[in-house]
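**Q** Here is my input; please provide its structure:
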Amino acid sequence: MDRVIFHCDLNSFYASVELLSRPELRHLPVAVCGDPASRHGIILAKNEPAKAFQVKTAETIWQAKKKCPDLVLLPAHHGLYRDFSRKVNSLYQEYTDLVEPFGIDESWLDVTGTLHLFGGDARTLADHLREEIRGRFGLTISVGVSFNKVFAKLGSDYKKPDATTVITRENFKRMVWPLPVTDLLYVGRAASQTFQQFGIRTIGDLAAFNRNQLFQLLGKNGAQLHDFASGEDRSPVAPAGQYTPPKSIGNGYTFPKNLQGREEIKAGIAQLADQVAVRLRRHTMKCQGISLSIRDPDFRDISRQMRLDPPTDLARELTQAAVELADSCWNMSNPVRALTVTAIYLISADEAGAQLDLFAAEQDAKRRRLERLEGTLDVIRAKYGPGAIASASTPRDPGQERHAPPPGGTYREN
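**A** Down below sits the predicted model:
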């Protein structure tokens, strides 16, 4: 029997929460932004009237104002959004204990085992959930209903706001396959650029493409995306409140043009290592080892790994170790098509801290300063975007800007 999975997406969440206390603004174009007093602040959310002016999330305020001069700007209140998110997810748990948040405003619900308690019809239950959210909180949701998580997510995006979309085994080829491949979950900029080179423009194109060739192009990620497009996603919805720490955290990127020379390769490694370090800190983990994979233009791969002592979540230490691996296994004059940096042998930051106590006081103080510095960079990036600032230790050269991995590169957490 097929599962019954809901994906519930709160519509224009930040803006909708702000407008609860400002109902007189509902008919006006409104955006929530990081710093309304700054032309260089960015748009965090917008309501439906603002969307009509093509106001986009993550664009700068001055860009949005150019499109919509009468745009009303409101400051963000992140504590309030977190509070509403907790309340909404608590409501979801009244219908199933399998509730997996996906960011602050989205959640998957597996109602396979409880659907019979609420009438047995998935669409009717989804519509009831929409009414409940509206009645209790004054907010709206779009709900995707399907037999797996990926298609349920596509369903919630299919029609907005305040809508229910059902994607079944019988209709998914008609509904899903004509959509742009970039609509598929986890298809980032790097993957989409690769797909474009092979004529893959829709989800149907991806499903029809040879799976083994996708594996050669993008590794496990390519094969997984093929499964997603084919309706073969079997990933479970995690029980409410369950957190399983990753066993490894990796970031890979296929470069638009081959990296040439040691400095460009070093710059590419540094960018990937920096993003891995950010995600390690987000999970409050450190790694006791690092792995580097290098792919040449003929799709030949070589991988090496090494232990790290002490454990680290510092970008500069990950970069240094990965460059050492590259020097040991690769002729740096040869071109590089793709790189992957992976943090392995992960432990909690608390456990790592106990190990650091064994170091001399001077070494420990230096590491603490570096950790505070990179933590400060995380705060700045969270507020202004991942490209807002980088460590001065990150190598800079003419090829770096040309090859720098975008935020949508291939991320892996296992």
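
**Q** Residue 17 touches residue 80, doesn't it?
**A** Yes - contact status for residue 17 versus residue 80: in contact at 6.0 Å, counting by CB atoms under 8 Å. Bear in mind the C-beta positions are built from the backbone N, C-alpha and C, glycine included.

**Q** looking at it, residue 84 is touching residue 141, isn't it?
**A** No - look at residue 84 against residue 141 with CB under 8 Å: they stay out of range, at 11.9 Å.

**Q** higher neighbour count, these two?
**A** Neighbour comparison, residue 84 and residue 141: the larger count goes to residue 141, with 29 against 20 (by other CB atoms under 10 Å).

**Q** where does that one fall, phi/psi-wise?
**A** Residue 141 adopts backbone torsions of phi -130, psi 150, taken as degrees, to the nearest 10.

**Q** so what pLDDT did residue 143 get?
**A** Looking at residue 143, its pLDDT stands at 98.

**Q** Please report how far it lies from residue 174.
**A** If you measure residue 143 against residue 174 using CB to CB, to the nearest Å, the figure is 20 Å.

**Q** who's more crowded, those two?
**A** residue 143 (26 against 10).

**Q** Provide the secondary structure category for that one.
**A** Per DSSP: H, G, I helix; E, B strand; the rest coil, the local secondary structure of residue 143 is strand.

**Q** list the contacts for it?
**A** Residues counted as contacts of residue 143 (CB atoms under 8 Å, 6 or more residues apart in numbering) are 6-9, 126-127, 129-130, 155-156, 163-165.

**Q** ok, now with 10 Å
**A** When contacts are counted by CB atoms under 10 Å, 6 or more residues apart in numbering, residue 143 is found next to 6-9, 109, 122-123, 125-127, 129-130, 133, 152, 155-156, 159, 162-166.

**Q** ok, how many other residues are close to the closest residue to it other than its chain neighbours?
**A** In space, and not counting its chain neighbours, residue 143 is closest to residue 126: 4.1 Å by CB to CB, 6 or more residues apart in numbering. By the other CB under 10 Å criterion, the neighbourhood of residue 126 contains 26 residues.

**Q** again, but for residue 163
**A** By other CB under 10 Å, 18 other residues sit near residue 163.

**Q** rewinding a little: mind listing which of the contacts of residue 143 are in helices?
**A** Applying DSSP state H to the contacts of residue 143, the entries found in helices are 122, 123, 125, 126, 127, 129, 130, 133, 152, 155, 156.

**Q** remind me which residues of the stretch 151-300 of the chain are low pLDDT?
**A** Counting by pLDDT under 70, the ranges of the stretch 151-300 of the chain that qualify are 243-244.

**Q** Revised request: answer the last question for the stretch 301-414 of the chain.
**A** Filtered on pLDDT under 70, the stretch 301-414 of the chain yields the residue ranges 351-414.

**Q** Repeat that for the stretch 1-150 of the chain.
**A** For the stretch 1-150 of the chain, the ranges with pLDDT under 70 are 35-40.

**Q** Residue 139 against residue 133, yeah?
**A** Yes - with contact defined as CB atoms under 10 Å, residue 139 reaches residue 133; the gap is 5.6 Å.

**Q** Pull up the overlap in contacts between these two.
**A** Taking CB under 10 Å, 6+ apart as the contact criterion, the common neighbours of residue 139 and residue 133 are 10, 11, 87, 88, 162.

**Q** Narrow these to those in strands?
**A** Among the shared contacts of residue 139 and residue 133, the members found in strands (DSSP state E) are residue 10.

**Q** Dump the shared contacts of residue 139 and residue 133 into CSV; add neighbour count and distance to residue 239 as well.
**A** As requested, the shared contacts of residue 139 and residue 133 are arranged in CSV below (neighbours: other CB atoms under 10 Å; distance: CB to CB, whole Å):
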residue, neighbour count, distance to residue 239
10, 25, 21
11, 19, 26
87, 13, 19
88, 23, 17
162, 15, 28
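
**Q** and the shared contacts of residue 139 and residue 133, which two are the farthest apart?
**A** The span of the shared contacts of residue 139 and residue 133, defined through CB to CB, is set by 87 and 162 at 18.4 Å.

**Q** Measure how buried residue 90 is and give me the count.
**A** Neighbours of residue 90 under the rule other CB under 10 Å: 11.

**Q** Tell me where the stretch 1-150 of the chain has helices.
**A** The residue ranges that make up the helices of the stretch 1-150 of the chain, judged by DSSP state H, counting those that start in this stretch, are 13-20, 48-51, 61-67, 78-92, 122-137, 149-158.

**Q** Over to the stretch 201-350 of the chain?
**A** According to DSSP H, counting those that start in this stretch, the stretch 201-350 of the chain carries its helices in the segments 203-208, 211-218, 220-229, 262-282, 315-329, 349-356.

**Q** Can you tell me which of the ones you listed is nearest to residue 304?
**A** Comparing the helices of the stretch 201-350 of the chain against residue 304 with CB to CB, the closest turns out to be helix 315-329 (4.6 Å).

**Q** orientation of the closest one relative to helix 262-282 in degrees?
**A** The directions of helix 315-329 and helix 262-282 differ by 130 degrees, with axes from the mean of the first three to the mean of the last three CA atoms, to 10 degrees as the criterion.

**Q** For helix 315-329, buried residues please.
**A** Using 16 or more other CB atoms under 10 Å as the burial criterion, the residues of helix 315-329 that qualify are 315, 316, 317, 318, 319, 320, 321, 322, 323, 325, 326.

**Q** and the residues you listed as a markdown table, adding distance to residue 276?
**A** Compiled in a markdown table, those are given as follows (distance: CB to CB, whole Å):
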| residue | distance to residue 276 |
| --- | --- |
| 315 | 8 |
| 316 | 12 |
| 317 | 11 |
| 318 | 6 |
| 319 | 10 |
| 320 | 13 |
| 321 | 11 |
| 322 | 9 |
| 323 | 14 |
| 325 | 14 |
| 326 | 15 |
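
**Q** from these, which is closest to residue 71?
**A** Out of the buried residues of helix 315-329, the one with the shortest distance to residue 71 is residue 315. That distance is 36.6 Å, counting by CB to CB.

**Q** So that closest one sits against residue 287, correct?
**A** No - when contacts are counted by CB under 10 Å, residue 315 is not listed as touching residue 287 (11.9 Å).

**Q** between the two, what contacts are shared?
**A** With contacts defined as CB under 10 Å, 6+ apart, the residues adjacent to both residue 315 and residue 287 are 276, 277, 280.
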